[in-house]
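Student: Following is a predicted model, sequence given first.
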There are 2 protein chains.
Amino acid sequence: MAFRASAIRAERAIVYTQYGEPGQVLKTLTYKPLSTPPPGTLNLKVLLSPINPADLNTIQGVYPAKPTLNELVEGQPAVFIGGREGLAEVTQVGSGVSGYTAGDWVVFARAGSGTWASSRNVKAQEVLKLPRKDGLSQVAGATITVNPPTAYNMLNDFVTLKEGEDWVVQNGANSAVGQAVIQIAASKGLKTLNLVRARADFADLSNKLKALGATEVLTYDDLADRALTKSIVKDWTAGKGIRLGLNCVSGKDTTSMARLLGQDAYLVSYGAMSKEPLSLPTSLFFFKGLTATGFMQNRWNETHSRSDQEALISTLVDLAVDGKLKEPEHEIFTISGQDSDQVAGQKVQELMDKVTNGRYGKKVLLKFDDTH
Amino acid sequence: MAFRASAIRAERAIVYTQYGEPGQVLKTLTYKPLSTPPPGTLNLKVLLSPINPADLNTIQGVYPAKPTLNELVEGQPAVFIGGREGLAEVTQVGSGVSGYTAGDWVVFARAGSGTWASSRNVKAQEVLKLPRKDGLSQVAGATITVNPPTAYNMLNDFVTLKEGEDWVVQNGANSAVGQAVIQIAASKGLKTLNLVRARADFADLSNKLKALGATEVLTYDDLADRALTKSIVKDWTAGKGIRLGLNCVSGKDTTSMARLLGQDAYLVSYGAMSKEPLSLPTSLFFFKGLTATGFMQNRWNETHSRSDQEALISTLVDLAVDGKLKEPEHEIFTISGQDSDQVAGQKVQELMDKVTNGRYGKKVLLKFDDTH
């Protein structure tokens, strides 16, 4: 009975058995290396998996997509594995699966995938193969299935926009989706009016967003003078009116943003960082023909074919490789193979507390140390 | 110089020369009988013309469709004629106009038509001929171009509803549009959940709406117990969820109504009687796929062909003749040919004051007395 813990630790996952605060309910769990993959499945080594807000909401039990149970350790109760997004490398290909070779990079295609683990055995249809690895960073690959597709589809699915001419307005422009919107819009020759909170370092932030391709950057406070803002926007858009607004904030600042939209515009909401409702003068709907709707990438995946999904990922990978879609500002959190489950679990809980409370300005990605 | 005023008074209109409160800026103006109609035009005798809320807003200058000037009396400044909706009889057909005979009934097809007049000369394309007169009351004909089409199109244009199975929820269910929604939905075999303000005579109102075809009637207060309401609605709709909501109220009661909607529903706003904004939890948009949009019949007319408009009016006339679309509760206000312009103008101002202040529960229609 003198085995060192590391001697029996082979693979590890971040798991939970009941909903609650991520900083309280998450544990790390060691499990055996994967067996030979059953027919129709792939064995994967997960390279990097980000912590997204939806992952935290899923653990809290307030996200509509529910996780599924996994029997990671034989004879022990099944667990939920955290995480939905991630980059993995194929290690073994089960019989009956074509188109995959060991070494291929894949991304997880479904909500509730469970990506916070060092390895996974999955059905082939639960992943999408990346069309290329060369020139693509692991961080870019690990963050390509949630935020960039959200940005791409919101720019694409609601309003037909003319390259080099049409404008899009968005709030929360410094968010991960916001930065993807700026870059994808710029790659399509679309102009963006980007709204952010007033802050001491506004000039720096504005310059950073403009370096990504933002056309104009304003603060919500700038919208207070309605007449002035309208005339500035009219000037910028050559009187054409903005036909697409993207919202992840809601509350009164979004009411001001909605007033900037022109006739028959769409306001697409994908978040509500203010935790306030979306409140709009009703006349915008019946006089100005506004349509307010929402977007959620999970739902898009459910309602689109696999080939649509592959085409989208392929487009985004090309943008990333071409330098037109930069990897997000990030920090990699390594779960050390030297730590016991208890110590590692403690560190994960502390990390999740920080992330849940918004104390990270950057995207955090999880990496499971190889050295165990 | 001993002519009686009535001797030179031939035709009369309710007019204004500047925006303002209808009870202050409206005047009556006497003008000469129409000359022979110029080519491409029709002379009309207006039979009845209702006072709609949009007419008052137009006079106040707060409605997006602006009125046009008319030179009613030669040598005097041009005036705006009030009214947008009305039933008229063709009295003379100009050269080059086919399909019309004296005696035909027509309705005005455009915003800002100017229907508060005893006679009008109009271009043929400014009116639509009613397909039949037999069995149709003048009141039904005079009120068939605004409220019933609004109800019909809102039920038709946004969500494909299954007859005998699907539900629609609406607030302001006792409004003119609300009553048309109830009847048109019933004629299509659709079920309606109708919301009204709590009131002493709720049972009477509920019975009245049910007699029109309402499936269920609740008050906004009934929605306070969210869990109970949800379970009742689930029961009524056999768990299917309501996919169309119609709003003319806004404010917090509409937030409660929106929560009753199922996945991927439409909330269509055509008014805001509460004068409060439409305020919705953002999650309804991105989690439940809600689309909030608006409807305005004038806009529909602008974006649809004449044959679409004719087909719609024909459908509505058939419903009215078949007794499936009852004429609204109403009162006819006659402008007496015996009164001078000054006396008649005074009476009109008093009437408009009452209507503007909502002191009429009924639709008021204007009739110009023949006896002058």
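Tutor: That came in fine, so what should we check first? Quantities reported herein were computed from a predicted structural model and do not represent experimental measurements.

Student: A:Leu26 versus A:Pro77, what's the distance?
Tutor: A:Pro77 sits 15 Å away from A:Leu26, going by Cβ to Cβ, to the nearest Å. Backbone N, C-alpha and C define where each C-beta goes, glycine included.

Student: Which of the two has more residues huddled nearby?
Tutor: More crowded of A:Pro77 and A:Leu26, by other Cβ atoms under 10 Å in any protein chain shown: A:Leu26, with 22 against 9.

Student: what's the pLDDT at the more buried one?
Tutor: pLDDT for A:Leu26: 98.

Student: I figured it was touching A:Ala13, is that so?
Tutor: No - between A:Leu26 and A:Ala13 there is no contact under Cβ atoms under 8 Å: 10.2 Å.

Student: centre of the chain versus stretch A:19-26, how much separation?
Tutor: Remark: stretch A:19-26 is offset 21 Å from the chain centroid, using Cα atoms, centre = their mean, to the nearest Å.

Student: right, I mislabeled it, should have said stretch A:315-331
Tutor: That offset, for stretch A:315-331, works out to 13 Å (Cα atoms, centre = their mean).

Student: Got phi/psi on A:Leu228?
Tutor: phi -60, psi -50 (degrees, to the nearest 10).

Student: List the buried residues for the host helix or strand of A:Met257?
Tutor: Secondary structure assignment for A:Met257, by DSSP states H and E: helix A:252-259. By 16 or more other Cβ atoms under 10 Å in any protein chain shown, the buried positions in helix A:252-259 come out as A:253-259.

Student: next one: stretch A:75-93
Tutor: Buried positions in stretch A:75-93, judged by neighbour count with 16+ other Cβ under 10 Å: A:79-93.

Student: ok, now stretch A:159-167?
Tutor: Residues of stretch A:159-167 classed as buried: A:159, A:161, A:166-167 (neighbour count, 16+ other Cβ under 10 Å).

Student: Widest-spaced pair of these?
Tutor: Pairwise distances among those were taken by Cβ to Cβ; the largest, 10.9 Å, belongs to A:Val159 and A:Trp167.

Student: For the nearest residue to A:Phe286 once chain neighbours are set aside, give me its contacts.
Tutor: Closest residue to A:Phe286 apart from its sequence neighbours, by Cβ to Cβ, 6 or more residues apart in numbering or on different chains: B:Gly294 at 3.5 Å. Residues near B:Gly294 by Cβ atoms under 8 Å, 6 or more residues apart in numbering or on different chains: A:282, A:284-290, B:268-270.

Student: how about the closest residue to chain B within the stretch 1-150 of chain A, secondary structure?
Tutor: Residue of the stretch 1-150 of chain A nearest chain B, by Cβ to the nearest Cβ: A:Pro64 (5.1 Å). Under DSSP: H, G, I helix; E, B strand; the rest coil, A:Pro64 falls in the coil class.

Student: could you check the distance from it over to B:Gly289?
Tutor: 10 Å.

Student: Compare these two and say which is more crowded by neighbours.
Tutor: Higher neighbour count among A:Pro64 and B:Gly289: B:Gly289, with 19 against 16, using other Cβ under 10 Å.

Student: For the more buried one, which non-adjacent residue is spatially closest?
Tutor: Ranked by Cβ to Cβ, 6+ apart and with sequence neighbours excluded, the top spatial neighbour of B:Gly289 is B:Asp264, at 4.0 Å.

Student: which SSE is that neighbour in?
Tutor: Secondary structure (DSSP H and E) places B:Asp264 in strand B:261-269.

Student: Contact residues of the stretch 251-372 of chain A facing chain B?
Tutor: A:255, A:269-272, A:277-296, A:299 (Cβ under 8 Å from any Cβ of the partner chain).

Student: By neighbour count, sort out the buried ones in these.
Tutor: Buried among those (16+ other Cβ under 10 Å): A:255, A:269-272, A:277-296, A:299.

Student: Is stretch A:173-187 positioned near chain B?
Tutor: No - residues of stretch A:173-187 are not located near chain B by Cβ under 8 Å from any Cβ, the shortest gap being 11.7 Å.

Student: For that stretch, C-alpha coordinates in CSV please.
Tutor: Presented in CSV, the C-alpha positions along stretch A:173-187 are these (Å, rounded to 0.1, in the frame of the first residue of the first chain):
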residue,chain,number,x,y,z
ALA,A,173,-17.4,45.2,-28.1
ASN,A,174,-14.5,44.1,-26.0
SER,A,175,-16.0,40.7,-25.2
ALA,A,176,-14.6,37.6,-27.0
VAL,A,177,-17.6,37.5,-29.4
GLY,A,178,-17.3,41.3,-29.8
GLN,A,179,-13.7,41.1,-30.9
ALA,A,180,-14.6,38.2,-33.3
VAL,A,181,-17.4,40.4,-34.7
ILE,A,182,-14.9,43.2,-35.3
GLN,A,183,-12.5,41.0,-37.1
ILE,A,184,-15.0,38.9,-39.2
ALA,A,185,-16.9,42.1,-40.2
ALA,A,186,-13.6,43.7,-41.2
SER,A,187,-12.7,40.6,-43.2
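
Student: Right, I'll leave it there.
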